[in-house]
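> Would you be able to build a 3D model of this:
(2 chains, ligands or ions: 2)
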Amino acid sequence: MGQHTFILNGSTVTVNVDDDVRLLWVLRDVLGITGPKYGCGINVCKACTSHINGKAFNPCSVQVKDIGPTDQVTTIEGLPATVGAELHPMQEAWLENDVAQCGYCQPGQIMAAVAKVNQVHAAGREITDADLDEIRNICRCGTYSRIRTAIRAGAEAM
Amino acid sequence: MTDLESRPSFARTNLRRRTFVGYLLGGATLAVAADLSLGNPAYAAVPSLPQISELYDLGDLQTDAARPTANLIRIVINTDGTASFELPRMEVGQGITTSTAMIIAEELDLPVDKVHVSLAPARPELMFNQLTGGSNTTVSTYTPIRVAAAIARNALLDAAAIELGSIVALLTSKEGVITGPTGASVSYADLATKAASPTTKAVSVTLAPRSSFSVIGTPQNRVDALAAVTGRKTFTLDLDIPGALPTMVCRPPTLNGSPQSISNRAQVLAMPGVTHVEAVGTGVAVRAATFGQCIDAVRALVVVWNPGSVEGESDATVLAKLRAAEIPLAVPAIPLLAQTIEAEFTFMFRSSAALEPNCAVADVRSDHATVWAGLKAPIVAQGEIAAAIGLPVDKVTVNVVTGGGSFGHKLFNDAALEAAKISQKMGVPVKLMWHRADEPRQGRVHPMATSRIRATVLLGQVLTFEQRHTSVSTDFGHGLGEMISHNLDKLPTGLGNLGFAETIFTLTQELPYDFGVVTQLLNECDMRFNTGSMRNIYSPDVACANELMVDRLAALTGQDPVAFRLAFLKNSRVKDVLRKVASVGQWGRSMPAGMAQGVAVHSEYKGATAVLVEIDCRPATVNRPITNGVTGPRVTKAVIAVDAGLVINPRGLEAQMMGGVSDGIALALTSSLHLRDGHFLEASWDNYFYTREWNAPLDFQCIVMPSTSEQPGGAGEAGVAASVSAVACAYARATGTMPTRFPINHDQLSFTVKPFVPPIPESPTDGLSYTF
Ligand code: FES
Ligand code: FES
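Numbers count the residues shown, from 1 in each chain, chains lettered A, B, ... in the order given. Ligands and ions are numbered 1, 2, ... in the order given. Alright, predicted model coming up:
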């Protein structure tokens, strides 16, 4: 049993849990943060997508011991605070386009979308179809077309 | 809303009205009820020529099944001015909580966000009327919900008349406030207790026709959209039930195997976090502090297994059995000069798993049990769980939780039943989750099937069209089966002698063309698989085979596929949707070699759908590189037109059509399971290739057809069949070869098969190398 400290959605948290437990279970089972979803546990479905230091990552595939005390972990619950608003522009775009069906994949989709847009903007570009094709998140309800529209709209507002 | 402002409530009397009886319920605040079987349209008599499903379909059966039961649904007006309703159906993403809130808002003159729709727990008294399936929810609940809401509104008006010292005819209701002639007003919040009835009594109410609607038929966003995008929407695995620790099952290496003995139980019990290890029928269950520790424990278990149900079997051996079970085509007496075309199509096993894996929370005590799960047939679940754990049905509470997708999967209670057994055996509450790998390997699948079609043509006329559909047995043991056996006497002549599967087949299949002598027959064999009715049941396979043959018939008679369909389609609604996609999708526009358009229609759920797609089968596209992903041909554009009768929420209907197109693309091109040596090889979303972003159409358009119908049709499944067909037809035209096995890429195994022992893969540790 090890003690692990990191910054979760802006606040420092410390948990007592074995070193090798994947961060997704630390978030969900230990800390009760249920926005990141389980869909595979092997970094394929991307339902658990969250941010580490502003970049998209999949906590199902990271051991808690690999997260340091200064690492900033952001889940969907903490996304609005990163822009100091009630909702992040990408969440607004999701609402505007009524993207969600069952909703299970959508926290991960939004976190991936924000990171993808940041990545593309950092390269000084606008989002293209090729960028959207790189998003691996599964949506078994098949909302892909609305996701594409929403990401473009969200990107403009970001 | 503008015309509502000036419209006095009695203005509705000028409109054609239908009168129904409902109930004011005795209680502290206003509560009303209506019989769930109210107002369902009676079915027509069945003449011999049209196919049965045109006149009496699966929806009618489900609707009829409800008639004899007294099954009240209740709306309560709360003291905060909101209305609450418990829907005896399950929300799995299809948007029925939103459309139901809209129906209530319409009749009650309340804003949609003041209507709270939750999901009812299992209510055994509803008998067959708590099954979510066959896209039947809105069809069967539309009128009773309106009746209840209209009664509530009348009671509020009566109470307001007293409060405001006026008469009902001079009052207007709007957005939860009733205003009198002097401008004085009173809110539903104030009236909730004043309008309450001391006793329960029957009252009659009239419903206005759709011309007065101001909410129904307008695009509305989902009522749970905000919860979904903020991560606050609660699914079964997010529930915090005291003591219900994470639990997983170590499953057998072959399909439906069972544990014989555990070799290292003590060792696994001593692993970090692990609290319990118990063998159950389906495997060895472990309970631990976190799911991560469950995964480690499952992987560490050494278990001796009994053989499964299909040891040694493979795709090829099952296919051989299907071919042997095919009902022979009749040889029709046709003129000598007629041309005959014949083809056989094969549809491989597919997984109906949702993104949310099978899961359930169960707390089984000696005298009572409580279960939480996404269940479309909660009464069946309640009965089966009670039997399995040896408790009376009324000691088992089954709570229905919104599901993360269903696609037919949640008609079954596999996880709820398994969780209850595990909780009983361990003596503690459990939160059971299937691993992703468990889903394709041990979970419900859409059965493998073949469809043989023979058609004859003479002088441009189609004389005969025969179809023999042969399928691995479909499990209907979730209530639909019971529904049929209880309603045998009500079914149209000739259906009563068929088995469940043949009955469902006959009730859903409808060849929309005038093709002379038409026969469509089903035979099912081989019961050893875990099957279910995946979204749209038989229709995607049957329609795909049919529409490919329709294209061949068009070619044989030298006609354009759209013109040929228009010439032979029976129903004007089907023709209209086809014309619509042909014009919006610019049918016939020229395309480069290797690209083509395809078009297809489907008629079911008292509606019609047409799809036009464009596909790119050029090598540069087919071979575009995606790491660990299947690329293949790309559907670059999809246009879908749907006539679903009276549409409650066009925005929700469009969403369902979008999902139907995504499903159709997967079924035609990429998604299948491979059976080898008694087990399915797939264990991940990068093995089982449902449509991904890189396969999604770049251009998607949905047209909701205007309809004058007073009756809603089904929506949840209506988009799948025409989509898979259109993609298949486009592929045939782009490549010059009609595909006969689906999905088209089934031959290539595009992944490394994960081990079967241990049954689930280790979670990676290198996630930080893939950040972006
Ligand atoms: S659960 Fe993390 S990627 Fe699937
Ligand atoms: S909305 Fe259901 S999985 Fe994406």
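> Please name the residues that touch residue A:15.
With contact set as CB atoms under 8 Å, 6 or more residues apart in numbering or on different chains, residue A:15 has these partners: A:3-4, A:26, A:30-31, A:64. C-betas here are computed from N, CA, C, even on glycine.
> Give me the buried entries from these.
Of the members of the contacts of residue A:15, the ones counted as buried by neighbours, 16 or more other CB atoms under 10 Å in any protein chain shown, are A:4, A:26, A:30, A:64.
> For the contacts of residue A:15, which two are the farthest from each other?
Among the contacts of residue A:15, the pair separated by the greatest distance (CB to CB) is A:3 and A:31, at 14.1 Å.
> now, which of the contacts of residue A:15 sits nearest chain B?
Set against chain B, the nearest of the contacts of residue A:15 by CB to the nearest CB is residue A:30 (6.6 Å).
> so what's the residue nearest the centre of chain A bridging to?
The geometric centre of chain A, computed from its C-alpha atoms, lies nearest to residue A:50 (CA atoms, centre = their mean), at 2.7 Å. The bridge-partner assignment for residue A:50, based on DSSP bridges, gives residue A:57.
> List the contacts of it.
Each residue near residue A:50 by CB under 8 Å, 6+ apart is listed here: A:27, A:35-36, A:56-59, A:73-76, A:111.
> Could you give the residue of the stretch 551-700 of chain B that lies closest to ligand 2?
Nearest residue of the stretch 551-700 of chain B to ligand 2: residue B:659, at 8.3 Å (CB to the nearest ligand atom).
> Output the lengthiest helix in chain A as CSV, nothing but the C-alphas.
Secondary structure assigned by DSSP state H gives helix A:106-122 as the longest helix of chain A. What follows is helix A:106-122 as a C-alpha-only set of coordinates in CSV (Å, rounded to 0.1, in the frame of the first residue of the first chain):
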residue,chain,number,x,y,z
GLN,A,106,-19.4,11.3,-24.3
PRO,A,107,-17.2,12.4,-21.4
GLY,A,108,-14.3,10.6,-23.1
GLN,A,109,-15.3,12.1,-26.5
ILE,A,110,-15.3,15.6,-25.1
MET,A,111,-12.0,15.3,-23.4
ALA,A,112,-10.4,13.8,-26.5
ALA,A,113,-11.9,16.6,-28.6
VAL,A,114,-10.6,19.3,-26.5
ALA,A,115,-7.1,17.9,-26.6
LYS,A,116,-7.2,17.3,-30.3
VAL,A,117,-8.3,20.9,-31.0
ASN,A,118,-5.5,22.2,-28.6
GLN,A,119,-3.0,20.1,-30.5
VAL,A,120,-4.1,21.3,-33.9
HIS,A,121,-4.3,24.9,-32.8
ALA,A,122,-0.8,24.7,-31.3
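> what's that helix packed up against?
In this structure, helix A:106-122 packs against strand A:50-52, strand A:55-57, helix A:79-82, helix A:89-96, helix A:129-133, helix A:144-157, helix B:225-230, with contacts taken as 3 or more CB pairs under 8 Å, 6 or more residues apart in numbering or on different chains; DSSP states H and E.
> Spatially nearest residue to the residue of the stretch 551-700 of chain B closest to ligand 2 (excluding sequence neighbours)?
Counting by CB to CB, 6 or more residues apart in numbering or on different chains, residue B:659 lies nearest to residue A:142, which is 3.9 Å off, once chain neighbours are set aside.
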